[in-house]
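> Coordinates for the following, if possible.
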Amino acid sequence: MMAEIYRRANPVIAWLGDSDAHTKRAFDHMAKVADRNILSSLGIPTRRTGSEHSDEDVACWEAIGKIFDRTYWNRSWIIQELVLPEHVTLRCGAYSTDWDVFVKASHNIATSPLKQFYDSRPAEGTSYSTSSLKASRNYGVPAILKATKSTMATEHWANVLLYTLIRSRDCEATELGDKAYALLGLIQGREGIEQLPPLLCPTYGKDCSPGKTYLDIATQLLTDCEDLLVLSCAEGFRNVKLNGADLPSWVPDWSVRYPLGLRVTGYKRYQADSFFFSPDTNFSREEKLTLWPATFDKSELTMTIRGMQVDKISFVAEPKRDVLNCKPFPRLLDMLLKLPEKYGVTGEGRMEAFWRTVTKNTYGEARLPPPKGSSMGPSFTKWIKERMQSVVVSPENENYWTNLKEAFNKFCPHDAEWLATTKGCESVSSMEFGSQFAYGEYLRPFVTEKGYVGLGSQNLQKGDTVWVVPRSRVLLIFRRLGEFDPQADHHCQLIGGAYLGKPYLHDRWCT
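Down below sits the predicted model:
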């Protein structure tokens, strides 16, 4: 009923709460940030002492952060409130503005170095010294909801539901099942389906649990979605239980409020499964579901799909989140230094192959691969040197890290690619690469036995296998069950999705 009310209401006034001392400054500065043409002239704020920004400038950027600190942005139920109406006005106390201003400002923050500034900003009530930094990242919510509205206009209802579940990972609901139920208004009614499938109908009470809700949703999405993208959302993180046990590995736990997975929700350019058909073949959704169905065993809570193993993971680096939190990253650095100077297949140098992989070869507003000779290369060289200097090392690891830094410092002046990349690029900022690296922080780089360089769930381990699967536009990582399991050859635990670069044929990674 509420969904239909929001569709018919014009306008809808979204109430952010009472105003405070920062509200007027936030609304005024938000209007400037919404204008892409003047964004660069506003200056990118930093947290360094001695910054050239005035106290007034700093107060403006901080005011925007405080607007997004409000708990309003974390509620799952606001999604239909802001997506379904034709027109929305945001009001905070006596101040108001058009929703589109927040949408444009949100997009500009999320696609510029401002992202790194707000990612490193503690939310209200936390401090920089907090060991687990709670970043103020609600700045992305308006842009995400704009993307949701666009998805509703172009995608099948099952994709609308899945994409919105992914995009709203950080939202919360008092009832964990409502993380999904709050979205059903987007797919039922004018733009979607007349009647919900039985597995999606909300159920409450003693016979229902969040685990059962998430199982039903995963089953329905695997049955109705054109692709298997839902499998890349599982990632091994678990909060809720199902009949006292963990959820099956193929069922995402939507109560986990982390930005998990490859973060490639709408990236249709990813087509790992094109391996299974010729380039001129264009299967319909119905044909794909018929050719490559997912089947379920309700008693065993298993799901069966077909696929082909590509390779086995033989070397695993530190999670990206560790690097972002200033922890030592010796394996990541070792991985870079051990890469061959050139790759025969592509001619890419070691650094280019590395930075393209850890950013999923994606850049800019268009979310496309950076062109050859882009500024991402020079930005990466600055970024990694700055990261090495910012590492906080425990006394017992200090000597080891110092020796590794010395090896890296000896490598740089003699590496032709490093010298060519850094020459004449003094003005390039490390934030360009840094903002891309920070996107998808719960991932870690790896290398396979055949020399593929890849990126996957931070829960992956050496020995996990990488598969290409029909209907999955990203590769999937599986872990075989114990060697004493009679079904171990084909009975696996799903770990998550993976991005894999082109094959680099060398065998120095089995460590």
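> what about Glu396, how many neighbours?
7 (other Cβ atoms under 10 Å). Every C-beta, even on glycine, is put in place using the N, C-alpha and C of the backbone.
> so where do the strands sit in the stretch 251-400 of the chain?
Taking DSSP state E, counting those that start in this stretch as the test, the strands found in the stretch 251-400 of the chain are 295-297, 302-304, 308-316.
> Quick check: which of these has the most neighbours on average?
Highest mean neighbour count among these (mean count of other Cβ atoms under 10 Å): strand 308-316, with a mean of 18.
> Could you dump the strands of the stretch 251-400 of the chain into JSON lines with distance to Arg350 and mean pLDDT added?
Output for the strands of the stretch 251-400 of the chain, formatted as JSON lines (distance: least, Cβ to Cβ, whole Å; pLDDT from 0 to 100):
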{"stretch": "strand 295-297", "distance to Arg350": "43", "mean pLDDT": "96"}
{"stretch": "strand 302-304", "distance to Arg350": "39", "mean pLDDT": "96"}
{"stretch": "strand 308-316", "distance to Arg350": "14", "mean pLDDT": "95"}
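> got a markdown table for these, with distance to Ala245 too?
Shown next, in a markdown table, are the strands of the stretch 251-400 of the chain (distance: least, Cβ to Cβ, whole Å):
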| stretch | distance to Ala245 |
| --- | --- |
| strand 295-297 | 15 |
| strand 302-304 | 13 |
| strand 308-316 | 27 |
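> Out of those strands, which gets nearest to Tyr181?
Proximity to Tyr181, assessed across the strands of the stretch 251-400 of the chain by Cβ to Cβ, is greatest for strand 295-297 (21.8 Å).
> which residues are in contact with the closest one?
Contacts with strand 295-297, where a contact means Cβ atoms under 8 Å, 6 or more residues apart in numbering, come from 219, 222, 302-305.
> the domain parsing of this structure - what is it?
With domains defined by automatic domain parsing, the chain comprises 2-144, 154-307, 310-503.
> worst average pLDDT in the ones you listed?
Per-stretch mean pLDDT for these is lowest at domain 2-144 (a mean of 85).
> how far does it stretch from start to finish?
Terminal residues of domain 2-144 are spaced 21 Å apart (Cα to Cα, to the nearest Å).
> now stretch 435-444
Terminal-residue distance, stretch 435-444 (Cα to Cα): 16 Å.
> Can we start the residue count at 10 from this point?
I'll keep to 10 as the first residue from here, and by that count the last item is stretch 444-453.
> if we can go back for a sec, so which of the strands of the stretch 260-409 of the chain comes closest to Gln467?
Checking these against Gln467 by Cβ to Cβ gives strand 317-325 as the closest, at 9.5 Å.
> Can you name the next helix or strand after the helix or strand harbouring Arg16?
Under the criterion of DSSP states H and E, Arg16 resides in helix 11-17. Downstream of helix 11-17, the first helix or strand assigned by DSSP H and E is strand 21-26.
> Can I get that next one in PDB? Just the C-alpha atoms.
Output of strand 21-26 as PDB, limited to C-alpha atoms (Å, rounded to 0.1, in the frame of the first residue of the first chain):
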ATOM      1  CA  VAL A  21       6.700  13.800  -1.500                       C
ATOM      2  CA  ILE A  22       8.500  15.700   1.300                       C
ATOM      3  CA  ALA A  23      11.300  13.600   2.800                       C
ATOM      4  CA  TRP A  24      12.000  14.700   6.400                       C
ATOM      5  CA  LEU A  25      15.700  14.500   7.500                       C
ATOM      6  CA  GLY A  26      15.000  15.800  11.000                       C
END
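> what's it in contact with?
With Cβ under 8 Å, 6+ apart as the test, strand 21-26 has contacts from 15, 76, 79, 81, 87, 90-91, 94, 96-102, 105, 108.
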